[in-house]
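Student: Would you be able to build a 3D model of this:
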Amino acid sequence: MLSRIAHPLPMSVRQPVTAEWSLERTAGLGPRDDDGVTVFAGPGRTVRVEVFAVPAGETAASAVAALSAGLAERCAGRLTENDGDLLRAAFWLTTAHHEFYGYAATATGVLCVTCLYDDEDDLAWARQVWRSATHVGAARIA
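Tutor: This next block holds a predicted model:
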């Protein structure tokens, strides 16, 4: 219910993005739609969320590789994790501000999470948001 409130909340809530995907909207971030892209924003932090289908004949890994092309060469760090049927990959870099690009992928879709933040210590926050992504069809390892 709280995820329907369209202004920043003092606590984190599970925010549906589509019927299949959801993730944590952390405290202090308000939701909005930006031309079809889900955005959560607040002071010093912004999360942009997009969902893409995995084309027939491609794997989750190849879809993430295509969506993240070029990031590995310019990133300061990277991380790949398997969470049951969910493949997670992330890249982060520092330019004029701090950027984190995270992907959660299944055989049918990829959730792309971009976190922009002012404080370099917020890398842990960006990872938390990325890791909070869930897909209703993905089996989780107990």
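
Student: what about the helices in the chain?
Tutor: 60-67, 71-74, 123-131 (DSSP state H).

Student: could those helices go into a markdown table alongside mean neighbour count, distance to residue 103 and mean pLDDT?
Tutor: Just so you know, the C-beta spots here come from the backbone N, C-alpha and C atoms, and that holds for glycine as well. Listed next are the helices of the chain as a markdown table, based on neighbours: other Cβ atoms under 10 Å; distance: least, Cβ to Cβ, whole Å; pLDDT from 0 to 100:
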| stretch | mean neighbour count | distance to residue 103 | mean pLDDT |
| --- | --- | --- | --- |
| helix 60-67 | 18 | 5 | 95 |
| helix 71-74 | 11 | 10 | 86 |
| helix 123-131 | 18 | 8 | 97 |
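
Student: Could you list the low-pLDDT ranges of the protein?
Tutor: 1, 138-142 (pLDDT under 70).

Student: Run a quick neighbour tally on residue 86.
Tutor: 20 (other Cβ atoms under 10 Å).

Student: for the one 10 residues further on, same thing?
Tutor: For residue 96, the number of neighbouring residues by other Cβ under 10 Å comes to 5.

Student: Include distance to residue 6 when you put the helices of the chain into JSON lines, please.
Tutor: Formatted as JSON lines, the helices of the chain follow (distance: least, Cβ to Cβ, whole Å):
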{"stretch": "helix 60-67", "distance to residue 6": "28"}
{"stretch": "helix 71-74", "distance to residue 6": "31"}
{"stretch": "helix 123-131", "distance to residue 6": "19"}
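
Student: between these, which gets nearest to residue 116?
Tutor: Closest approach to residue 116 among the helices of the chain is made by helix 123-131 (8.8 Å; Cβ to Cβ).

Student: Output the contacting helices and strands for that closest one.
Tutor: In terms of contacts (3 or more Cβ pairs under 8 Å, 6 or more residues apart in numbering; DSSP states H and E), helix 123-131 is packed against strand 21-25, strand 86-94, strand 98-105, strand 109-117.
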